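> All I have is the shape, not the residue letters:
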């Protein structure tokens, strides 16, 4: 694809850890544009704080997204493609990009540029949350590796379709490809089989203390959720509902119940005891997990998750809480309304926020600083200042070229910077 202009495209930003990243960045305009000369670029690798682009000559250029400083140049060769940073940012994992059957990953020290380890016979991979282990899949096995030594810790045999670490990294969850295959949970350090769980879906609570499994039944609006102890696999209790969500600390859950009178129920995760029954359909939780949002028609209800007390009744369609939880954004037609989450006072109105778009509206939300709002349609990204209610920027997301729309750039994680491409390279700009 010939890149003929600096244009912008949108990628949904990562929610996990983005508030901390946003706090570490200066306000817009106080940190520099990153100029990326050369190219064309054949691959990228990204984290919340670093970004790497790989050129055709096999060099991965790595920048610090806060300072704009180029940190490292990692020579990996033309047959390797950057895949991911380790969670601690000290390593990059690359994958062989060739047709000769060499399906390997390589681990690199990004500071020294030295290749540390070669992981054989693998097609897909993931790091453990602490970055100390790597899980790979290839052929009829899943292998767990030590990141620092490159040593294979153990191998699980089977034709797997699902495999991942638990959120705390202490367990590995796998499921084979055969019909009705159960989830198999093993100890991440030893590979020892702990227990198996039936169902089509499995999720861990945020604190890792319980797991929830449930089957998919076509045509039904109500499911049976089985809550089990994550350490032993022992079933604790069952809940029914059309949807289940954990509050931020994992100590409470909310289930949605459809019917003639929609309700959201709040449960104690440890005991399964019902704590609250709230009117409406579940929409969202506040960033701190202390408030529950439900809707009834065009009314948005905000509840205290602990007491069940109704805190606010707002009108419109819910968009989001601000990152600090102090503001709420709603929509009515083409207008965005900003509210004080504590008092319910209307703070600002952004009129005609969606007017003039030639395509389909997709979503809106707060920028990480909480002072701006973005609106996203299929082909445009617009950014608004809340205090002045003025549109700051409107970015085209695709370029119409040769009879089709072509993606030519994207937002980097946490929506703090944006990369745009041009004939002479690319630029990373602050948002």
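Thanks, I have the structure now. The structure displayed is predicted, hence computed values, not measured ones.

> any idea how far residue 181 lies from residue 174?
Counting by C-beta to C-beta, to the nearest Å, the separation of residue 181 from residue 174 is 9 Å. For every residue, glycine as well, the C-beta is placed using N, CA and C.

> With residue 329 instead?
From residue 329 over to residue 174 the distance is 40 Å, taken as C-beta to C-beta.

> for residue 393, same thing?
Relative to residue 174, residue 393 is positioned 45 Å away (C-beta to C-beta).

> These two: which is more packed in?
A direct count of neighbours by other C-beta atoms under 10 Å for residue 393 and residue 174 places residue 174 higher, at 21 against 14.

> what's that one in contact with, if anything?
Residue 174 sits next to 142, 156, 158, 160, 162, 163, 183, 184, 186 when contact means C-beta atoms under 8 Å, 6 or more residues apart in numbering.

> Those in helices, which ones?
Residues of the contacts of residue 174 located in helices (DSSP state H): none.

> Most neighbours among these, which one?
Using other C-beta under 10 Å as the neighbour criterion, residue 142 leads these with 25 neighbours.

> Within the helices and strands, which one has residue 277?
Per DSSP states H and E, residue 277 falls inside strand 274-279.

> The helix or strand just after that strand pairs with which strands, parallel or anti?
With elements assigned by DSSP H and E, the helix or strand that comes after strand 274-279 is strand 281-285. Applying DSSP bridges, strand 281-285 is found paired with strand 291-296 (antiparallel).

> tell me the angle of the partner strand relative to strand 274-279?
On the basis of axes from the mean of the first three to the mean of the last three C-alpha atoms, to 10 degrees, strand 291-296 is oriented at 40 degrees to strand 274-279.

> ok, residues contacting whichever helix or strand comes after strand 291-296?
Later in the chain than strand 291-296, the nearest helix or strand by DSSP H and E is strand 299-304. Strand 299-304 is contacted by residues 276, 278-280, 283, 290-295, 309-318, 328, 330, 341 when judged by C-beta under 8 Å, 6+ apart.

> Go ahead and build a PyMOL selection from the buried members of those residues.
Filtering the contacts of strand 299-304 down to the buried ones (16 or more other C-beta atoms under 10 Å) takes a single PyMOL command:
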select buried, resi 276+278+280+283+290+291+292+293+294+295+312+314+316+318+328+330+341
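
> show me where pLDDT drops low in the protein?
Applying pLDDT under 70 to the chain flags the ranges 1-33, 36-41, 82, 97-103, 121-124, 259-261, 354-361, 397-400, 405-416, 421-426.

> Now do the strands in the stretch 51-200 of the chain.
For the stretch 51-200 of the chain, the strands defined by DSSP state E, counting those that start in this stretch cover 59-64, 70-75, 80-85, 91-96, 105-109, 115-119, 124-127, 133-138, 141-146, 152-157, 160-165, 171-176, 183-187, 193-197.

> Contacts only, for the nearest residue to residue 341 once chain neighbours are set aside.
Closest residue in space to residue 341, ignoring its immediate chain neighbours: residue 328 at 5.0 Å, by C-beta to C-beta, 6 or more residues apart in numbering. Counting by C-beta under 8 Å, 6+ apart, residue 328 makes contact with 300, 302, 312, 314, 318-322, 338-341.

> hmm, try it at 7 Å
By C-beta atoms under 7 Å, 6 or more residues apart in numbering, residue 328 lies in contact with 314, 321, 339, 341.

> Out of those residues, the closest to residue 201 would be?
Comparing those against residue 201 with C-beta to C-beta places residue 321 closest, at 26.3 Å.

> what about residue 170, neighbour count?
As a burial measure, residue 170 scores 16 neighbours (other C-beta under 10 Å).

> Distance-wise, check it relative to residue 209.
Going from residue 170 to residue 209 by C-beta to C-beta gives 11 Å.

> for residue 375, same thing?
39 Å.

> Put together JSON lines for the contacts of residue 174, with distance to residue 349 on each row.
Below are these laid out as JSON lines (distance: C-beta to C-beta, whole Å):
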{"residue": "142", "distance to residue 349": "53"}
{"residue": "156", "distance to residue 349": "56"}
{"residue": "158", "distance to residue 349": "57"}
{"residue": "160", "distance to residue 349": "52"}
{"residue": "162", "distance to residue 349": "46"}
{"residue": "163", "distance to residue 349": "49"}
{"residue": "183", "distance to residue 349": "48"}
{"residue": "184", "distance to residue 349": "53"}
{"residue": "186", "distance to residue 349": "54"}
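
> All the strands of the stretch 301-431 of the chain, residue numbers only.
Along the stretch 301-431 of the chain, the segments classed as strands by DSSP E, counting those that start in this stretch run 310-315, 317-321, 327-332, 335-340, 346-350, 361-366, 372-377, 380-385, 390-396, 398-401, 404-407, 409-411, 417-422, 425-430.

> Reformat these as CSV; add distance to residue 74.
Below are the strands of the stretch 301-431 of the chain laid out as CSV (distance: least, C-beta to C-beta, whole Å):
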stretch, distance to residue 74
strand 310-315, 50
strand 317-321, 37
strand 327-332, 41
strand 335-340, 43
strand 346-350, 43
strand 361-366, 34
strand 372-377, 33
strand 380-385, 31
strand 390-396, 30
strand 398-401, 30
strand 404-407, 26
strand 409-411, 22
strand 417-422, 18
strand 425-430, 18
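
> if we compare those, which one ends up closest to residue 200?
Residue 200 sits nearest to strand 361-366 of all the strands of the stretch 301-431 of the chain, at 27.5 Å, using C-beta to C-beta.

> Okay then, goodbye and thanks.
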